[in-house]
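Asker: what follows is a protein structure lacking sequence information:
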């Protein structure tokens, strides 16, 4: 429905739905009372309501239901692990196939993008000013909610565009940049001021924001992929997965990657880097992971998609050194691993097997082993952190009374999941906490 590009790197992994597909699927819904699908959605979209509105041809009303609950509803329709969230909870999944909730949500939000309908308006001005550091999913969600309650909001974003990983860090065939831009535009249209290309802590100090604004929301996410810490990592052809995907998505390009690509890691970003490499023309793309399939952090549907795209997997393998000639990657030496008792993450601890080294030829190596923390930025706002993670309470308040935080900068293993939909919900909840704080301060 929305006119996206159709070259291999942009060709959507999602099948286009016809109007008949949508009506038939919407009419399968039982419109459950106290629906388990709604409870399973982190943003608690009223799923029976938006589907019923599809069945009655009220697409604008359906879009409002979705976006009211989830300011990133269009992105989440593409990247959410629906099979373990809303669709996994569908009562029809026990006896037949669940309602295709993600596909229906994508259809409605695509219609809203194409129609350019106005869904929300700003609230009456309160005279209060809020700064948001970071224009990714959590920051946009918080900004949308705060603007709707009438607060004057300014987003400070280091990148040239808003959207965070939705704009820059998720491959275009999963999430086109146009979708992230539309969601950002929904926020801008509410009167939110945007200052892109501004690095808080460098171009503007944290103290300036604390002095100028009544409240601050930290939503700056995480940083780059950490280095592997092995010899040969500075050879040409070794990439940070986040930078690799960003350059492909923005059209900057990554040059010639060759026929053999080795991806180190087994999370969603690793999958994106691998499938992206296949669509760029690499004949052999292999993902290497030091644990097993059972411990990989990628969503199941991402794993299945990667296999369908022709990506291969090597388990219980850790890189030992990267080999090259004339400054260019030629191969990677791996060592085989075995799993022992669980470590602090709760997963089995991988241990190298002496003498088990082997060489795998590679023209390009992409490291995708998580992301670093922007620890100094958190500390600049005088908030409590732990290993770079900003500590917040259940209302997303930090140790500094006028500073709140949401999204990946607060993420730690064992406390929720680092998903776009979780970031959207956290941004909403942080905004509500800010509103309560400002309301109380005004009465005092």
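Answerer: That came through fine. What you are looking at is a predicted structure, and each value in this text was computed from that prediction instead of being measured.
Asker: now the host helix or strand of residue 351: mean pLDDT?
Answerer: According to DSSP states H and E, residue 351 maps onto strand 348-352. Averaged across strand 348-352, pLDDT comes to 96.
Asker: helix or strand right after it?
Answerer: Following strand 348-352 in sequence order, the next helix or strand is strand 358-361 (DSSP H and E).
Asker: and that next one, which strands flank it?
Answerer: strand 328-342 (antiparallel) (DSSP bridges).
Asker: thinking again about what came up before, which parts of the strand holding residue 351 are buried?
Answerer: With burial defined by 16 or more other C-beta atoms under 10 Å, the residues of strand 348-352 counted as buried are 348, 350, 352. To be clear about C-beta, it is placed using only N, CA and C from the backbone, and glycine gets the same treatment.
Asker: quick one: that strand to strand 328-342, angle?
Answerer: 130 degrees (axes from the mean of the first three to the mean of the last three C-alpha atoms, to 10 degrees).
Asker: what's in contact with strand 348-352?
Answerer: Residues from elsewhere that reach strand 348-352 (C-beta atoms under 8 Å, 6 or more residues apart in numbering): 290-291, 295, 316, 318, 335-343.
Asker: how long is stretch 117-131 end to end?
Answerer: End-to-end span of stretch 117-131 (C-alpha to C-alpha, to the nearest Å): 27 Å.
Asker: got the contact list for that stretch?
Answerer: So stretch 117-131 is contacted by 60, 63-64, 67-68, 112, 144, 146-154, 156, 186, 189-191, 209, 212-217, 434, 438, 442 (C-beta under 8 Å, 6+ apart).
Asker: not counting sequence-adjacent ones, nearest residue to residue 373?
Answerer: Nearest residue to residue 373, sequence neighbours excluded (C-beta to C-beta, 6 or more residues apart in numbering): residue 388, at 2.6 Å.
Asker: that should have said residue 369, apologies.
Answerer: Among residues not flanking residue 369 along the chain, residue 265 sits closest, at 4.6 Å (C-beta to C-beta, 6+ apart).
Asker: please parse this structure into its domains.
Answerer: Split into domains by automatic domain parsing, the chain comes to 19-115, 129-223+373-443, 238-367.
Asker: let me know the outermost residue of this structure.
Answerer: residue 355 (39.1 Å; C-alpha atoms, centre = their mean).
Asker: okay if I get the domains of the chain as a markdown table plus distance to residue 123?
Answerer: Below are those laid out as a markdown table (distance: least, C-beta to C-beta, whole Å):
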| stretch | distance to residue 123 |
| --- | --- |
| domain 19-115 | 14 |
| domain 129-223+373-443 | 3 |
| domain 238-367 | 34 |
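Asker: just these: most buried one?
Answerer: Greatest average neighbour count among the domains of the chain goes to domain 129-223+373-443 (a mean of 21), per mean count of other C-beta atoms under 10 Å.
Asker: off-centre distance for that domain?
Answerer: Between the centre of domain 129-223+373-443 and the centre of its host chain there is 14 Å, according to C-alpha atoms, centre = their mean, to the nearest Å.
Asker: pLDDT of that domain, averaged?
Answerer: Averaging pLDDT along domain 129-223+373-443 gives 93.
Asker: out of the contacts of strand 348-352, show me where the pLDDT dips lowest.
Answerer: Within these, pLDDT reaches its minimum at residue 343, with 82.
Asker: now do the contacts for that residue.
Answerer: Counting by C-beta under 8 Å, 6+ apart, residue 343 makes contact with residue 349.
Asker: list phi and psi for it.
Answerer: For residue 343, the backbone dihedrals (degrees, to the nearest 10) come out as phi -90, psi -160.
Asker: same check, this time on residue 38
Answerer: Dihedral angles (degrees, to the nearest 10) for residue 38: phi -70, psi -40.
Asker: for the remainder of this discussion, apply numbering that starts at 336.
Answerer: All right, first residue 336 from here; so that's residue 373.
Asker: that one touches residue 366, doesn't it?
Answerer: No - if you go by C-beta atoms under 8 Å, residue 373 and residue 366 don't touch, sitting 11.0 Å apart.
Asker: just give me how far the strand holding residue 686 sits from the chain centre.
Answerer: For strand 683-687, the distance from its own C-alpha centre to the chain's C-alpha centre is 28 Å (C-alpha atoms, centre = their mean).
Asker: kindly provide the distance from residue 495 to residue 566.
Answerer: 35 Å (C-beta to C-beta, to the nearest Å).
Asker: ugh, wrong one, I meant residue 358
Answerer: On the measure of C-beta to C-beta, residue 358 and residue 566 end up 59 Å apart.
Asker: before we move on, the earlier item: strand partners of the strand holding residue 686, parallel vs antiparallel please.
Answerer: Neighbouring strands of strand 683-687 in its sheet, by DSSP bridges, are strand 663-677 (antiparallel).
Asker: just the residues contacting the strand it pairs with, thanks.
Answerer: Counting by C-beta under 8 Å, 6+ apart, 567, 570-573, 597, 623, 625-627, 649, 651-659, 683-688, 691-700 sit against strand 663-677.
Asker: what about 6 Å?
Answerer: By C-beta atoms under 6 Å, 6 or more residues apart in numbering, the surrounding residues in contact with strand 663-677 are 570-572, 597, 625, 651-659, 683-688, 691-697, 700.
Asker: does anything pack onto the longest helix belonging to the chain? Which helices or strands?
Answerer: Counting residues, the longest helix in the chain under DSSP state H turns out to be helix 755-778. Counting contacts by 3 or more C-beta pairs under 6 Å, 6 or more residues apart in numbering; DSSP states H and E, helix 755-778 packs against helix 408-414, helix 472-483, strand 738-740.
Asker: Serialize those to TSV and add fields for distance to residue 382.
Answerer: Output for the helices and strands packed on helix 755-778, formatted as TSV (distance: least, C-beta to C-beta, whole Å):
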stretch	distance to residue 382
helix 408-414	11
helix 472-483	19
strand 738-740	28
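Asker: of all these, which one is nearest residue 586?
Answerer: helix 408-414 (19.8 Å; C-beta to C-beta).
Asker: any idea how far the nearest residue to residue 736 once chain neighbours are set aside is from residue 731?
Answerer: Nearest non-adjacent residue to residue 736, counting by C-beta to C-beta, 6+ apart: residue 772, 7.5 Å away. With distances taken as C-beta to C-beta, residue 772 is found 11 Å from residue 731.
Asker: same question for residue 435.
Answerer: Residue 435 is 32 Å from residue 731, by C-beta to C-beta.
Asker: can you check residue 469 too?
Answerer: Note on residue 469: its distance to residue 731, by C-beta to C-beta, is 14 Å.
Asker: swap in residue 492?
Answerer: 19 Å.
Asker: what's the answer for residue 645, then?
Answerer: For residue 645, the distance to residue 731 - C-beta to C-beta - is 42 Å.
Asker: try residue 451
Answerer: 32 Å.
Asker: next up, the contacts around the closest residue to residue 384 other than its chain neighbours.
Answerer: Nearest residue to residue 384, sequence neighbours excluded (C-beta to C-beta, 6+ apart): residue 400, at 5.1 Å. By C-beta under 6 Å, 6+ apart, the contact list for residue 400 reads 381, 384, 385.
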